[in-house]
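# Give me the fold of what follows.
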Amino acid sequence: MPLILLTNMVQKDPSVIIKPIAQLLGYVMNFFFNIASSFSPASSLGISIILLTILTRFLILPLGLKSQKSMMKMAVLAPEMEKIKKKYEDKKDSENVQKMNQEVQTLYAKNGVNPLGGCLPLLIQFPVFIALSYIMQQSFLFITKLGEIYTELANFLLTIPSRWDYLVPIALEHLPKKVTLDLSNIDDLRKVINKFSPDDWTLFMSQIPAEYHAGLQRILLEKQGMEFFGGINLVANADFTFPSIIIPILSVVFSFLSAFFMYRQSLKNPMASSNPQMKTQQQMMLVLMPVMTGVMSFQFTAGVGLYWAVSSIFGLGQQLIFNRMSNKMLNEPPKLTLVKGK
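Below is the predicted model:
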């Protein structure tokens, strides 16, 4: 039964923006994977994700530093902002609203402030996050050694008699849409077995002749050793079972701590704490960031969750360093350039 109708388990091609990012990340991950596996094949995928996360965070660190300085300048400029607002508080017509906005923009521009600067690090990480999700759904296409394992596994399956009687029912459990795949073709077969869980393999092994158990078990153990990290299957979605739940928990906890220290730092600044808009924004971040992180951790593979967890840990350390810089800026506020006529 070489040709069968199966649901499309292949991840759709990413957009023109995400695809080159995915290809670049794939090269980087393959490089890190080869380094990690040269020491020990076990947990190579997890280690390569951690190294990729650290590299990404270091690359955007200058942008984060610039954003933090911009946010602190906004806090220092808060009294001037209030003066501008007070000047136009009784002038609500469109012409005066436009003048007020122009004065605010001029004040920001002369002092090198970007109101959206604090969002830039997150905006840059988002395409990386999506590209990594694409990679993790079919990592064997991007990581050479994993691809070799999948090819070896597919070739071994083709040697098992009556294999279609066992493979097809299991595969159909994963497939919502129909597409014709040739299971005698190695590439198509690799796409199918990429979606098999450990329980699927246990069921499959219980049905095939006993003389094939040892050979299949050896390949699966090698595959699992590379794809698992701390007992967590990185190519499957995180769930509420242990130890898979650890990754979402770490993501939420460290995301909350990072937002908490950012909020606590803002309270030390009397100018920022007296700014209702900024205070409300910090309070929202304190709640929204951990919630968003937790939800996303369950929507993507555990490998993507690991990236987010490590990124959150890195972000917490970065925030603590920024807090020290902010304290120094509060003690020695920069000289302001005011709008003419103030």
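# When you work out contacts or count neighbours from here on, use the C-alpha atoms and nothing else.
OK.
# For residue 320, which residues are in contact?
By CA atoms under 8 Å, 6 or more residues apart in numbering, the residues touching residue 320 are residue 261.
# Quick check: which element contains it?
Following DSSP states H and E, the helix or strand that holds residue 320 is helix 302-331.
# And that helix, what's buried?
302-316, 318-319, 322-323, 326, 330 (16 or more other CA atoms under 10 Å).
# In space, not sequence, find me the middle residue of this structure.
The chain has residue 129 as the residue nearest its centroid, 3.7 Å off, counting by CA atoms, centre = their mean.
# what are the ranges of the strands in this structure?
3-7, 178-182, 228-229, 232-233 (DSSP state E).
# residue ranges of the helices in the stretch 151-300 of the chain, please?
163-172, 186-193, 198-207, 213-227, 246-268, 270-273, 276-299 (DSSP state H, counting those that start in this stretch).
# need these in JSON lines with distance to residue 233, mean pLDDT and mean neighbour count, can you?
Listed next are these as JSON lines, based on distance: least, CA to CA, whole Å; pLDDT from 0 to 100; neighbours: other CA atoms under 10 Å:
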{"stretch": "helix 163-172", "distance to residue 233": "19", "mean pLDDT": "80", "mean neighbour count": "16"}
{"stretch": "helix 186-193", "distance to residue 233": "15", "mean pLDDT": "87", "mean neighbour count": "20"}
{"stretch": "helix 198-207", "distance to residue 233": "9", "mean pLDDT": "90", "mean neighbour count": "14"}
{"stretch": "helix 213-227", "distance to residue 233": "6", "mean pLDDT": "94", "mean neighbour count": "16"}
{"stretch": "helix 246-268", "distance to residue 233": "11", "mean pLDDT": "80", "mean neighbour count": "21"}
{"stretch": "helix 270-273", "distance to residue 233": "44", "mean pLDDT": "53", "mean neighbour count": "18"}
{"stretch": "helix 276-299", "distance to residue 233": "13", "mean pLDDT": "76", "mean neighbour count": "17"}
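# average model confidence for the helix holding residue 320?
Helix 302-331 comes out with an average pLDDT of 79.
# Would you mind getting the angle between it and helix 213-227?
10 degrees (axes from the mean of the first three to the mean of the last three CA atoms, to 10 degrees).
# What angle do helix 246-268 and helix 302-331 make with each other?
10 degrees.
# and residue 33, what is it in contact with?
Residues in contact with residue 33, defined by CA under 8 Å, 6+ apart, are 44-45, 47-48, 143.
# most neighbours, which of these?
residue 45 (29 neighbours; other CA atoms under 10 Å).
# isn't it right up against residue 228?
Yes: taking CA atoms under 8 Å as the definition, residue 45 is a contact partner of residue 228 at 7.4 Å.
# where do the contact lists of those two overlap?
By CA under 8 Å, 6+ apart, the residues touching both residue 45 and residue 228 are residue 234.
# so residue 258 makes contact with residue 315?
Yes: Residue 258 lies in contact with residue 315 (CA under 8 Å); the separation is 6.4 Å.
# for residue 312, what are its contacts?
251, 254-255, 258.
# In TSV, list these along with distance to residue 149.
Shown next, in TSV, are the contacts of residue 312 (distance: CA to CA, whole Å):
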residue	distance to residue 149
251	30
254	35
255	36
258	39
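# Among these, which one lies nearest to residue 298?
Closest approach between the contacts of residue 312 and residue 298, by CA to CA: residue 251, at 10.8 Å.
# Identify the residues contacting the nearest residue to the closest one once chain neighbours are set aside.
Spatially, and ignoring its direct neighbours in sequence, residue 251 is nearest to residue 309 (4.1 Å; CA to CA, 6 or more residues apart in numbering). By CA under 8 Å, 6+ apart, the residues touching residue 309 are 247-248, 250-252, 254.
# rerun that using 7 Å as the cut-off
Taking CA atoms under 7 Å, 6 or more residues apart in numbering, we find residue 309 in contact with 247, 250-251.
# In terms of distance to residue 240, which of these ranks first?
residue 247 (10.1 Å).
# Quick check: that closest one vs residue 221, distance?
Computed as CA to CA, to the nearest Å, the residue 247 to residue 221 distance reads 22 Å.
# circling back to that earlier point, which member of the contacts of residue 309 is positioned nearest residue 296?
Within those, the smallest distance to residue 296 is 9.6 Å, found for residue 251 (CA to CA).
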